[in-house]
Structure formats: structure tokens, C-alpha cells
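J.: Structure of the sequence below:
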Amino acid sequence: MTGRDTATKARTRPEPAAAAALRAPGRVPAAAVRGKLPGLAVAAAGVALAWTAHQVLPAVPLLTAAIVLGVAAAHLPGPRAVVRGVARPGLSFAGKRLMRAGVVLLGLSVGLGDVLGLGWETVAMVLGTVAATFAGTVWLGRRMGLPGDQPLLIATGYAICGASAIGAMSEVSDSEEEDVATAVALVTLCGTLAIVVLPLLHRPLGLDATQFGRWVGAGVHDVGQVVATAQTAGPTALREAVLVKLMRVAMLAPLVAAVGLSLRRRRTGGSGTAHTAPDDAAHTSPEGACGARRAPIVPLFVAGFLAMTALRSTGLLAQPVLTAAHQAQELLLAAALVGLGSAVHLPSLVRGGGRVAALGLCSWLVIAGVSYGGVLLTT
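T.: Okay, here's the model as predicted:
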């Protein structure tokens, strides 16, 4: 039996009654809280270092610096013992819970009026790009034999918005931390390369500022990477890129909900009961007397994302509030990425790196090619 099989069995094995009681709302032991403090302190230190790196080198996005620092901490001789030991509970907490909070606040960056103002042609182009990238990456990843949820997570990161989308999808799919870390590392690497590669293709491909901005918004993964790439072509390109990117971000909730519903049906298809559920699920199954819980179709953090999007679209929030929320979102996601980066084990990534890298390259070519064709057809 492999380590992955053992971890999966451990995750799905029913909890003892005492452990389940400790996980009940309002019954969190003080020792569990104290156990997370060292890891949260490490995550905070990583965010501070990432912010400093971003201030010194503005071309390096905060989130990219955060994931790199997390990976480095997991492999440097000194910090490695802390990251893999006393700090592990808190770093895992940051990678899951703080990621959820950051995704909720991400909804405040999406104004539906601005997105729909781009026109139905651009909406159709983005929908086609997301669908082709997601479906094609999942299919190819399965064909290549990538383990676990790696194809699903990589497809989500490429199709929607990088690491934050991977974190959101991992909550629904109940993915292993190793799969999440591998997907985040790959998507972050490719998105960082896009900052260098795409501006070099701007003129050779014959794109004007509007077309280049929309291509970047449709084809680059993380929001910070989109900004860093598009600003090289001026303010028009930057505006178009951000609007198109926000349209992709708006698709996070329906995609995660659709996958969650599919997984729920698959897990309950045989017996009508579900054996696992996200920690924040408040819904119980009809078989609740047996202690089983049914996973919600729309997880609470996705509902929060939609609520924040609706709130932003009302126009009631002042710009200083939106600015503060954006800064909080960046810090939360950066802390989550430090936690996820610290779970990356490079020797394991290198052993399976050939197939993972090949999938990343193919997915990058798909999203870049489809979005390029879509931009030419719609502008």
C-alpha cells in the first residue's frame, strides 16, 4: 500500500466519538489553538518578507514571492525542521482556512456591471477559453496518469485564477495537501514565466493595446501576474486585462459549485450517504443519526464569494473600503501560499515532474492559443 493510499484511508476512516466531540462548534481545545500559533507566526513572517521583496522589486508579485518563500523554508536546513515540525499545524491551517477567507474577499474585486460592459462577444470568448482549458487539462492529466486530484487542481488554476482557485477547488474535492502544493507550484511558475514571455510576443503577434490586454487577462493565471504583464503595454492594456481577468474570477463560484455537485453525486451514488464533508459544512444528511454529514452543493466560502460580488455590484461600498479589503485579501492569500509552499517536497515533485511539467506546458499552450484566437475574433 502506498503512502497516498494510507493517507486516503486515514482521511476517510470514521472519527472516534471523543475526537468528533472536540471538533464540534464551540469545543475547540485551547491546546489545539496554541499548537497553531508557531505556524501562523511563520506564515506572518513569510508574508512580511514577501511584502518587502515586492516593495524592493515591484515586478515580483506579492503572491509569487510568498509561494517561493514557503517552498524555500521547507528545504533550507534551518527552517526545514521548524516547518515540518512544530509549525506544521499552523501552516496547514493557513493554507486552508486563510485561503477561504481570501477567496471570500476576492469577490469584492468583481463588479458585474464592469464585466458585462465588455460585451457578449468577450464574455463568450472567456467562457470558451475557460471551458477548453479546464476540460482539456483534466482530460490530458488523466491520460498522462497524474495521481490524485492533480489534473483537477491544475486545470482549475490555469482556467480561473491561479493559486486562489486551486485553494477553493481543493476544499470541495478534499484534496491532499501534496496535490494542492504541486498544482500551486506549477501554476505559479508558469504564471511568472508569462510576465517575461508574453510582452516579448506583443509586437510580433500584431496585437494593439486593447487586444494585448484582453489576451493577457484571458490567458495569464494570477491577478497579480496579469497586472505585471499587462502594464508593460500601457494603461489601456492594463484596464482591459483586469476587466477580462475579473470575468474569469467571477467564474470561480459556478465552476467550484458544479464540481462539488458532481463529486457529491459520485460519492453518494451507491449508498445515498456521504462519508466526508468540508469542515465548514453545516448541512447534515438525512442519515444524520449515524453521524454522516452531506457536503453542501455550494460551500460556505463560495457563497461568501458570491455575496461579496453582489455587495460590490450595488455600488454601496466606498473606494477606501474596497482598497482595504483588497489589501486584506492579498495578505490572507499570501499567508495561505506560504503555508501551501511549505508543503512542497521538491524531491517528490522532481520524481513526477516530467509529467507535471508536460501537462503545465500543454495547458499553457491551450489557454494562450484559444484566448489569442478568441481575441482576434472578437476585437
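J.: going forward, measure contacts and count neighbours with C-alpha atoms only.
T.: Will do.
J.: Quick check: phi and psi at residue 56.
T.: Main-chain dihedrals, residue 56, degrees, to the nearest 10: phi -70, psi -40.
J.: ok, now how distant is it from residue 64?
T.: Distance of residue 56 to residue 64, given as C-alpha to C-alpha, to the nearest Å: 14 Å.
J.: Check residue 267 too.
T.: From residue 267 to residue 64 the distance is 35 Å (C-alpha to C-alpha).
J.: Which one's more surrounded, these two?
T.: residue 64 (23 against 17; other C-alpha atoms under 10 Å).
J.: got the contact list for the more buried one?
T.: 188, 192 (C-alpha atoms under 8 Å, 6 or more residues apart in numbering).
J.: same thing with residue 241?
T.: 212-218, 226-227, 230.
J.: tell me the least confident of the residues you listed?
T.: Lowest pLDDT of those: residue 227, 73.
J.: which secondary structure elements does the helix or strand containing that one contact?
T.: Assigned by DSSP states H and E, residue 227 belongs to helix 223-230. Helix 223-230 is packed against helix 177-201, helix 209-219, helix 235-250, with contacts defined by 3 or more C-alpha pairs under 8 Å, 6 or more residues apart in numbering; DSSP states H and E.
J.: Ends of stretch 165-182, what's the gap?
T.: So stretch 165-182: terminal residues 14 Å apart, C-alpha to C-alpha.
J.: what does stretch 85-95 give?
T.: 16 Å.
J.: just checking, what packs against the one helix or strand residue 55 maps to?
T.: Per DSSP H and E: residue 55 is located in helix 30-56. Helix 30-56 sits against helix 62-73, helix 88-93, helix 319-341, with contacts defined as 3+ C-alpha pairs under 8 Å, 6+ apart.
J.: ok, 10 Å please
T.: helix 62-73, helix 77-84, helix 88-93, helix 319-341 (3 or more C-alpha pairs under 10 Å, 6 or more residues apart in numbering; DSSP states H and E).
J.: Take these and lay them out in CSV including mean pLDDT and distance to residue 256.
T.: Output for those, formatted as CSV (pLDDT from 0 to 100; distance: least, C-alpha to C-alpha, whole Å):
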stretch, mean pLDDT, distance to residue 256
helix 62-73, 84, 22
helix 77-84, 86, 30
helix 88-93, 88, 21
helix 319-341, 88, 18
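J.: and those helices as CSV, adding distance to residue 222?
T.: Output for those, formatted as CSV (distance: least, C-alpha to C-alpha, whole Å):
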stretch, distance to residue 222
helix 62-73, 9
helix 77-84, 26
helix 88-93, 22
helix 319-341, 11
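J.: Before I go, just wanted to say thanks for your time.
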